[in-house]
Each structure stands twice: as C-alpha cells, then as structure tokens.
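just to be clear, the model below is a prediction. Sequence and coordinates:
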Amino acid sequence: MMEKYNFLITGGAGFIGSNLSDFLINLGHKVTIVDNLSTGKKENLNPKCKFYEINLYQEKIEHLLENIDYVIHMSAIPNVQQSIDQPLYTSEHNLVVTIKLLNTIRKFPNIKKIIFSSTSAIYGNPITFPVSETFSSNSLSPYALQKLCSEEYLKLFSELYGVNAVCLRYFNVFGERMTNEGAYKSVISIFSEQKEKNLPSVII
C-alpha cells in the first residue's frame with residue numbers, strides 16, 4: 001500500500017496547481033492549498049482539499065506547516081509582459097515570496113522537500129534543440145530572472161540549512177483549465193482556439 005502524505009501547494013487554485021491537487025487527492029494524499037486568487041479560481045479547487053486565501057507576500061503560514069510533508073511552490077505572477085511593466089511588483093511576488101517561504105520552511109524539519117515551479121524562460125531563445133537543463137541561462141525578462149534567482153536561493157538554502165529542494169523548469173504546459181484569455185496566453189491556447197474556429201495554425 002502506498003504511503004499517504006500531507007502536501008501544501010502554493011498557487012494551488014491555478015491551472016497547474018489545481019490539476020496537481022486533483023491528482024494527489026485521487027491517490028489518497030491530503031492537500032492544503034494556499035492562494036490569493038489573483039489568477040487562481042475557487043471553482044478550480046477540489047472539494048476535498050483545505051483552502052486558505054492568503055497573500056504570501058504579506059501574511060505568514062507557519063500555522064499551516066506543522067504536519068506538512070511536502071511543499072509544492074507554484075505561487076507566482078507568470079505574466080512576462082507584466083514583469084517588464086512592473087519589475088518591482090512581480091519581484092516581490094515571484095522572488096521575495098520564495099525567499100520568505102524558504103526561510104519559513106527551514107524551521108520545520110518535518111517537511112521532507114520543497115518542489116519549486118520554475119520556467120524554461122530562463123534559457124531565453126536557445127539556438128540548439130532539444131534544450132538541455134545544462135544549457136546556460138539567458139533571461140530576457142524580469143520574470144525569467146526572478147525564477148532563476150529563486151532557483152539559486154533554493155540551492156543556497158539547501159547548502160546552508162539542509163532544505164531538500166528540487167526545481168522543475170516547465171515549458172509549454174497545456175490541459176484542462178489552462179488560461180485562454182488575454183494578450184499573452186500560451187501558444188497551445190492559441191492553436192486550440194484556431195482549431196476550434198477552423199483557422200490555420202501558423203508557425204514562423
């Protein structure tokens with residue numbers, strides 16, 4: 001029988017986080033979700049999860065971590081253009097929140113690992129494919145740099161404080177509940193919309 005764990009997912013009301021929550025709950029794990037609902041939606045939440053509407057930049061979550069085994073950190077402002085327009089604001093919510101979360105987690109030895117949602121944007125525009133995780137970083141936006149700096153902080157906290165951490169660099173994620181709105185929706189969303197309207201999908 002598979003062992004059951006307690007997971008805390010930041011940003012768990014979003015597209016990827018809510019799907020992951022469903023997956024873990026279906027396996028029999030317990031899931032706690034922290035989200036400020038700036039981009040996430042309550043209707044995405046699994047009724048079996050515990051939900052706390054919290055702004056991680058302003059509020060503390062120590063009271064939620066006592067019995068948590070794994071933290072999956074997905075909370076972020078993932079809009080590249082917004083990071084260009086508002087580099088300070090997005091740094092507060094993408095980088096500073098990560099540092100604050102790490103500083104909290106290091107005080108809880110019961111937490112086995114933090115899993116961080118990074119991005120392929122840190123590679124910039126690679127000229128060689130397929131892209132390997134060993135490729136050099138070439139951040140072309142504050143968002144990409146915020147994620148890269150967050151990765152470095154996870155590495156540092158691992159070396160200094162023994163925080164067990166792993167970073168996942170997502171590329172084009174697609175599926176149920178993905179964002180199909182706005183000027184900066186994903187290329188998969190655009191292709192899906194074009195298919196529904198019987199329009200050609202053009203790759204330049």
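Received it, and whenever you're ready, just let me know what you need.

domains of the protein?
6-178, 179-204 (automatic domain parsing).

quick check: which of these is buried the most?
domain 6-178 (a mean of 17; mean count of other C-beta atoms under 10 Å). For every residue, glycine as well, the C-beta is placed using N, CA and C.

ok now do the residue nearest in space to the middle of the chain, which residues does it touch?
Residue closest to the mean C-alpha point of the chain, counted by C-alpha atoms, centre = their mean, is residue 74 at 2.3 Å. Residue 74 sits next to 9, 10, 11, 12, 14, 16, 17, 20, 117 when contact means C-beta atoms under 8 Å, 6 or more residues apart in numbering.

again, only using 7 Å
9, 10, 11, 12, 14, 16, 17, 117 (C-beta atoms under 7 Å, 6 or more residues apart in numbering).

show me the residues you listed that map onto helices.
16, 17 (DSSP state H).

adding pLDDT, write the contacts of residue 74 out as CSV.
As requested, the contacts of residue 74 are exported to CSV (pLDDT from 0 to 100):
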residue, pLDDT
9, 98
10, 98
11, 97
12, 97
14, 95
16, 95
17, 97
117, 97
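
this protein: helices as residue ranges?
15-26, 80-85, 87-91, 97-105, 142-161, 187-196.

residue 110 and residue 189, how far apart?
Distance, residue 110 to residue 189, by C-beta to C-beta, to the nearest Å: 39 Å.

my bad, residue 169
The gap separating residue 169 from residue 189 is 20 Å, by C-beta to C-beta.

swap in residue 22?
Taken as C-beta to C-beta, the span from residue 22 to residue 189 is 20 Å.

what's the answer for residue 132, then?
Taking C-beta to C-beta, one finds residue 132 at 26 Å from residue 189.

check residue 164 too.
For residue 164 relative to residue 189 (C-beta to C-beta), the value is 34 Å.

before we move on, what about residue 77?
Plainly put, residue 77 is 18 Å away from residue 189 if you go by C-beta to C-beta.

then residue 139?
23 Å.

same check, this time on residue 179
For residue 179, the distance to residue 189 - C-beta to C-beta - is 7 Å.

for the residue nearest to the centre of the chain, which non-adjacent residue is closest in space?
residue 11 (3.7 Å; C-beta to C-beta, 6 or more residues apart in numbering).

contacting residues around that neighbour?
For residue 11, the contacting residues are 17, 35, 40, 74, 75, 76, by C-beta under 7 Å, 6+ apart.

which ones among those are found in strands?
Applying DSSP state E to the contacts of residue 11, the entries found in strands are residue 35.
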